[in-house]
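Visitor: Just a sequence and a predicted model for now, questions to come.
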Amino acid sequence: MTVTQTDTKSDVDAPAPVAKEHLRRLLATGERPAAPSAFASARAFAWRSMLKIKHVPEQLGDILVFPIIMLLMFTYLFGGAIAGGTGEYLQFLLPGIMVMSIVMTTIYTGMSVNIDINKGVSDRFRTLPIWRAAPMVGYLLADMFRYAAAGAIMFGTGLVMGYRPEGGAVGVLLGVGLLLVFCFAFSWVWTWLGLITRSEKTVMSISMSILFPMTFLSNVMVDPSTMPGWLQPVVKNTPISQLVDGVRGLFDGTVDSVSVLTTLIWSGGFVAVFGFLTIRAYNRK
Amino acid sequence: MSQRDLAIRAEGLVKHFKDVKAVDGVDLEVPTGTVYGVLGPNGAGKTTTVRMLATLLRPDAGNATVFGHDLLTDAASVRSQVSLTGQYASLDEDLTGAENLVLLSRLYGYAKPAARERAGDLLEAFGLSAAAGKQVKAYSGGMRRRLDIAASIIVTPKLLFLDEPTTGLDPRSRNQVWDVIRTIVAEGTTVLLTTQYLEEADQLASRIAVIDTGKVIAEGTPGQLKSSVGAGSIRVRLHHADQRAHAQGVLAEALAVEVALDDDPVALTARLAPGQDTAEQGSHVLGELARAGILVDDFSLGQPSLDEVFLSLTDRIDV
């Protein structure tokens, strides 16, 4: 990965003058290519995101280092207390902590959308004759790459720590796939939030206050059957718990098709509701 | 003017932000193929008007058509004919200049090799080839502005919105942007330009709408606007202060207008009547002063500037 040095502002290399004749020729071509397909425009935006990773690689660091810290921390801090041993706990924890840390990084999408709006570059995008959802879908496509990378790193770290998936390679790939589908769908909550809030900090604080309880009130860290009776049905039925059940089942080779299906239904719901709200907010901005 | 010659026809555009009326009933008729200037101070509603016309903001009331396409019901058609260079560079600062143009070319439908070629051509035409591989955040204000305009003509638009294209630029960069605008118009694109600089409107625009507190307070060619506040003026500085009364009489008789004494004890100013030609009256007056034996240190002819137009218009509103 190339790291491009950010130059400071200077007019040392003052630009060459405008070449009027050349400009005239370019204007006169009158070329008007056919508008790109919805997918092609989303892909162009995804390419933009990848370029941003290339130019600002720090943002990738966040997404890759945070999950490893989570995995190490929870395994060795709580393993002994919760499961009587870190090895056994890791076996339980890894799918859940992978869900938790990757779902938490989905808020970056909302923050990026918000930054675009505030910087004025989205004015340019919004006056282009393209599919209205393309900028957001582009972000999400590139995010899939980041999530997959984060998943791979966590899984690799887990293997080194002694994690063994009973579901085999196929189970693991399907589990990560399910997680990516959910993240893609769930991110629309944040794209909407990114469009209706004033600053990226607001996006951050609102989304954190939703995500923290949502990911902790789940079966990520502990088995809900150890919780008080009144709390169990709540915890067991959150979309995060359903997703964790689904991913855990696929990793462990004990596929829980109800959870997988419920997760897919939740995902469809998020896209339908928040995708709609996002596009509406985008058009009204 | 027939409908088909109009690039923009706007009627009663209104936009409120909370309880602030940013735009309060703007009507515009912008002929095709010209630069149309929207002139006004900060906060007059220029940017809001442009954002509505460029489909970025939905008007609260009123409507507009752009080349006959309705802003509200056919925004997609409007978008395929216009481009916008916003007040703040509408570019991705993290990307390089070349990457920005390639991205936008692709979004206009160019395939990757063609997009690269178009981006390279534009960078070269705008004198930015040397900076093509630098992140936009390292660009100077003038370079950014050029890249922004280059991005707006990836596909030659029928109508280009330029929102304060030279604000904050040094004189050299400003002149280059003016040259670019003239070239773009010469190739048939209609330009709607907002500016707070009267000189800029005077230099570029063939018609001007003066806008203040969300309303159009005057509209016409720069010449019409200037003559609406009267004709020019003649200002004389004398060599001897004690000849001032005499000079006042000579000038008043020669021009048949009132002659005002300036604060400067050796100066006086005659404001010409509408219809009087400044240059003609100038040489006439100089001859009369010489004949009367009055010695002149300094003699100047003034066209009313758009500044005067603007001040007199906004004064009228305030009073």
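Guide: Received, thanks. Residues are numbered from 1 along each chain as shown, chains lettered A, B, ... in the order given.
Visitor: Show me which residues of the stretch 151-300 of chain B are close to chain A?
Guide: Counting by Cβ under 8 Å from any Cβ of the partner chain, the stretch 151-300 of chain B comes close to chain A at B:A151, B:I153, B:V155, B:T156, B:Q176, B:D179, B:V180, B:T183, B:I184, B:A186, B:E187, B:T189. (Each C-beta comes from the backbone N, C-alpha and C, glycine too.)
Visitor: Confidence-wise, which of those residues comes last?
Guide: Across those, the smallest pLDDT goes to B:Q176, namely 89.
Visitor: which residue sits farthest out from the middle of chain B?
Guide: B:G293 (44.8 Å; Cα atoms, centre = their mean).
Visitor: That residue belongs to a strand, doesn't it?
Guide: No. Under DSSP: H, G, I helix; E, B strand; the rest coil, B:G293 sits outside any strand and is assigned coil.
Visitor: what are the phi and psi angles of it?
Guide: phi 70, psi 30 (degrees, to the nearest 10).
Visitor: again, but for the one 5 residues further on
Guide: B:D298 adopts backbone torsions of phi -150, psi 140, taken as degrees, to the nearest 10.
Visitor: For it, name its beta-bridge partners.
Guide: Under the criterion DSSP bridges, B:D298 forms beta bridges with B:R237.
Visitor: Could you check the pLDDT of it?
Guide: 88.
Visitor: That one: how many residues sit nearby?
Guide: By the criterion of other Cβ atoms under 10 Å in any protein chain shown, B:D298 has 11 neighbours.
Visitor: where's it relative to A:P233, distance?
Guide: Going from B:D298 to A:P233 by Cβ to Cβ, to the nearest Å gives 93 Å.
Visitor: Do a quick rundown of the helices in the stretch 151-285 of chain A.
Guide: In the stretch 151-285 of chain A, the helices defined using DSSP state H, counting those that start in this stretch lie at A:168-196, A:200-216, A:232-236, A:239-252, A:257-270, A:276-284.
Visitor: Same list (those helices) but as CSV, adding distance to chain B and mean pLDDT.
Guide: CSV is the format used below for these (distance: least, Cβ to the nearest Cβ, whole Å; pLDDT from 0 to 100):
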stretch, distance to chain B, mean pLDDT
helix A:168-196, 13, 95
helix A:200-216, 14, 92
helix A:232-236, 40, 89
helix A:239-252, 32, 95
helix A:257-270, 27, 96
helix A:276-284, 6, 89
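Visitor: Pick the most buried one from these.
Guide: When the helices of the stretch 151-285 of chain A are scored by mean count of other Cβ atoms under 10 Å in any protein chain shown, the highest mean neighbour count falls to helix A:239-252 (a mean of 25).
Visitor: just so I have it, where are all the strands in chain B?
Guide: Per DSSP state E, chain B carries strands over the ranges B:6-17, B:20-31, B:35-39, B:61-66, B:69-70, B:82-85, B:159-163, B:190-195, B:207-212, B:215-220, B:233-238, B:259-261, B:267-271, B:296-302.
Visitor: helices and strands around the second one, which ones?
Guide: In terms of contacts (3 or more Cβ pairs under 8 Å, 6 or more residues apart in numbering or on different chains; DSSP states H and E), strand B:20-31 is packed against strand B:6-17, strand B:35-39, helix B:46-53, strand B:61-66, strand B:190-195, strand B:207-212, strand B:215-220.
Visitor: outside of it, which residues touch it?
Guide: Strand B:20-31 has contacts (Cβ atoms under 8 Å, 6 or more residues apart in numbering or on different chains) with B:1, B:5-16, B:36, B:38, B:45, B:48-49, B:52, B:59, B:62, B:64, B:190, B:192, B:207, B:209, B:211, B:213-216.
Visitor: circling back: any idea which of the helices of the stretch 151-285 of chain A gets closest to B:H284?
Guide: helix A:276-284 (62.7 Å; Cβ to Cβ).
Visitor: ok now that closest one, how far from the chain's centre?
Guide: 20 Å (Cα atoms, centre = their mean, to the nearest Å).
Visitor: do the same with stretch A:277-285
Guide: 20 Å.
Visitor: Next up, the contacts around the residue lying closest to A:V271 once chain neighbours are set aside.
Guide: Closest residue to A:V271 apart from its sequence neighbours, by Cβ to Cβ, 6 or more residues apart in numbering or on different chains: A:A185 at 4.8 Å. Contact analysis of A:A185 by Cβ under 8 Å, 6+ apart lists A:W266, A:S267, A:G268, A:G269, A:F270, A:V271.
Visitor: Make a ChimeraX selection of whichever of the residues of the stretch 151-300 of chain B next to chain A turn out to be buried.
Guide: The ChimeraX command for the buried members of those (criterion: 16 or more other Cβ atoms under 10 Å in any protein chain shown) is given here:
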select /B:151,153,155,156,176,180,183,184,187,189
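Visitor: Show me what stretch A:169-184 is in contact with.
Guide: A:95, A:98-99, A:102-103, A:106, A:140, A:143-144, A:147-148, A:151, A:155, A:165, A:167, A:239, A:243, A:246-248, A:250-253, A:255, A:260, A:263-264, A:266-267, A:271.
Visitor: again, only using 7 Å
Guide: Residues outside stretch A:169-184 that contact it (Cβ atoms under 7 Å, 6 or more residues apart in numbering or on different chains): A:95, A:98-99, A:102-103, A:106, A:140, A:144, A:147-148, A:151, A:155, A:165, A:243, A:246-247, A:250-251, A:253, A:260, A:263-264, A:267.
Visitor: go on, stretch B:117-129?
Guide: Here stretch B:117-129 makes contact (Cβ under 7 Å, 6+ apart) with A:15-19, A:22-23, A:26, B:97-98, B:101-102, B:105, B:110, B:132, B:143, B:146-147, B:150, B:154.
Visitor: How about the stretch 101-250 of chain A: which residue is closest to chain B?
Guide: A:R124 (3.6 Å; Cβ to the nearest Cβ).
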